[in-house]
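K.L.:
Dropping a prediction and its sequence here:
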Amino acid sequence: MAYNPDTSVKEMLEEHEGERPSSQRRTGVMLCYPFEEKRLKRWNVDVLIQPKYDGERCRALIYNKTVTLLSSEGNVITSVPHINKALLETGMNEIELDGELYAHGLPFEEIHSRVSRKVNLHPDYEQIQYHIFDTISNEAQVTRLLELTKYAFNPDILRVVETYRSDNGDTQNIMLWLEQFQKQGYEGIIVRHPLATYKRSRSTLIMKFKPRKKDSYKILGYEEERDIYGQPKGRLGALICISNDGGTFKVGSGFTAEQRQNYWNVKENLIGRIVVVKYQHLTPGRNVPRFPVFAEVKRGKDNAKS
């Protein structure tokens, strides 16, 4: 179904009745591009930051005291009736929501198994919550999020994804948010342009950073962490690493406070050892990880991979 901001929720429902989308194709939702610093700089605005969930994408169409839940492929979801009921109880009407069916701590495979059932509800289906991260309209992103503050949600079933502001698209600040979200058990970060309208396709005004690739690199050195005033904090700030191609880079995200202190106490022993980092892609030309995230330091000293 092509996006038309003037289409009512009722018309969307009527149009959906005749749809038979492919199970392999996402439809009706806005999709992200991978995070790119150059795109962030072009935006040149204070961006909106949200944690990235590893759940089942779900649109909620609410019209005439009826709730229809749709997967990102356009299939009707009937396996979480407590969510339909909770949405009706909010008093919302003529509105379309975008979010994820999710339970913090459950792996995606388990969430999908419960949500995708067509018969016989899973015994623990009520553990699944609906985490709402957007409303679908032609308003600006920040206005759409403010729309959600008008309603009272049952926090045991419905939750609005927390949204934060990052000053002027500062990449280092965004990486700090990524580190914080990952410590809390989320898989990555979503970066939104505050003035973006909803687009039912891939949008250049929303980006995701989700470290997926993993490789090993040799540690050349280290840097001490410093506070906002530039004063040393007496713990690890970053590891300086080298690839097999000779490119050097720093790994400063992904450490716990305990790891920063413990590694700093044995910092000289880290040189020559192998660190495993997660990243989204390699930097063109230099062939080193872009925005690497610490995973682990291997035992002993062996050859790094690239």
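P.N.:
Everything's here; your move.
K.L.:
Break this structure into its domains for me.
P.N.:
26-209, 213-297 (automatic domain parsing).
K.L.:
Give the full set of residues in contact with Glu56.
P.N.:
Ser71, Ile77, Glu100, Leu101, Tyr102, Phe108, Ile111, His112, Val115, Ser116 (C-beta atoms under 8 Å, 6 or more residues apart in numbering). In this view, the C-beta of every residue, glycine as well, is placed from N, C-alpha and C.
K.L.:
and of those, the nearest to Tyr33?
P.N.:
Ranked by distance to Tyr33 (C-beta to C-beta), these are led by Glu100 at 18.6 Å.
K.L.:
What sits closest to the closest one if chain neighbours are left out?
P.N.:
Excluding the flanking residues, the one nearest Glu100 by C-beta to C-beta, 6 or more residues apart in numbering is Gly55, at 3.6 Å.
K.L.:
from memory the one you found sits against Phe108, does it?
P.N.:
Yes: counting by C-beta atoms under 8 Å, Gly55 touches Phe108, with 6.9 Å between them.
K.L.:
the helices in the chain, which residues?
P.N.:
Secondary structure of the chain (DSSP state H): helices at 9-16, 37-43, 81-89, 108-115, 141-147, 171-183, 257-265, 267-270.
K.L.:
ok, of the ones you listed, where does mean pLDDT dip lowest?
P.N.:
The minimum mean pLDDT among the helices of the chain belongs to helix 9-16 (a mean of 46).
K.L.:
who touches Arg57 in this structure?
P.N.:
For Arg57, counting by C-beta under 8 Å, 6+ apart, the contacting residues are Arg26, Val29, Ser71, Ser72, Asp98, Gly99, Glu100.
K.L.:
List the buried residues in stretch 131-140.
P.N.:
His131, Ile132, Phe133, Asp134, Thr135, Ile136, Glu139 (16 or more other C-beta atoms under 10 Å).
K.L.:
who touches stretch 256-263?
P.N.:
Here stretch 256-263 has contacts from Lys183, Tyr222, Glu225, Arg235, Leu236, Gly237, Leu239, Phe255, Leu270, Phe294, Val297, using C-beta under 8 Å, 6+ apart.
K.L.:
Low-confidence ranges, this structure, go.
P.N.:
Within the chain, the segments meeting pLDDT under 70 span 1-26, 168-169, 301-306.
K.L.:
Please work out which residues outside the longest strand seen in it touch it.
P.N.:
Longest strand in the chain by number of residues (criterion: DSSP state E): strand 213-226. Contacting residues not belonging to strand 213-226 are listed as 232-243, 248, 250, 252, 260, 263-264, 267, 270-281, 289, 295, 297-298, 304-306 [C-beta under 8 Å, 6+ apart].
K.L.:
can you pull out the strands in the stretch 101-250 of the chain?
P.N.:
Here the stretch 101-250 of the chain has its strands, by DSSP state E, counting those that start in this stretch, at 129-135, 158-160, 164-166, 188-192, 202-209, 213-226, 232-242, 248-251.
K.L.:
what's the farthest-apart pair in the contacts of Arg57?
P.N.:
For these, the farthest-apart pair by C-beta to C-beta is Arg26 and Gly99; their separation is 14.6 Å.
K.L.:
And those two? Which one has more around it.
P.N.:
Shown here are Arg26 and Gly99; by other C-beta atoms under 10 Å, Gly99 has more neighbours (26 against 17).
K.L.:
How about the more buried one, nearest residue that isn't a chain neighbour?
P.N.:
Ile132 (4.0 Å).
K.L.:
cool, Arg165 as well?
P.N.:
Asp46 is the one closest to Arg165 (C-beta to C-beta, 6+ apart), at 5.3 Å.
K.L.:
quick one: contacts for the closest residue to Glu147 other than its chain neighbours?
P.N.:
With sequence-adjacent residues excluded and distances taken as C-beta to C-beta, 6+ apart, Glu147 is closest to Thr135, at 5.1 Å. If a contact means C-beta under 8 Å, 6+ apart, then Thr135 has Ile95, Glu96, Leu97, Asp98, Arg144, Leu145, Glu147, Leu148, Tyr198 as its contacts.
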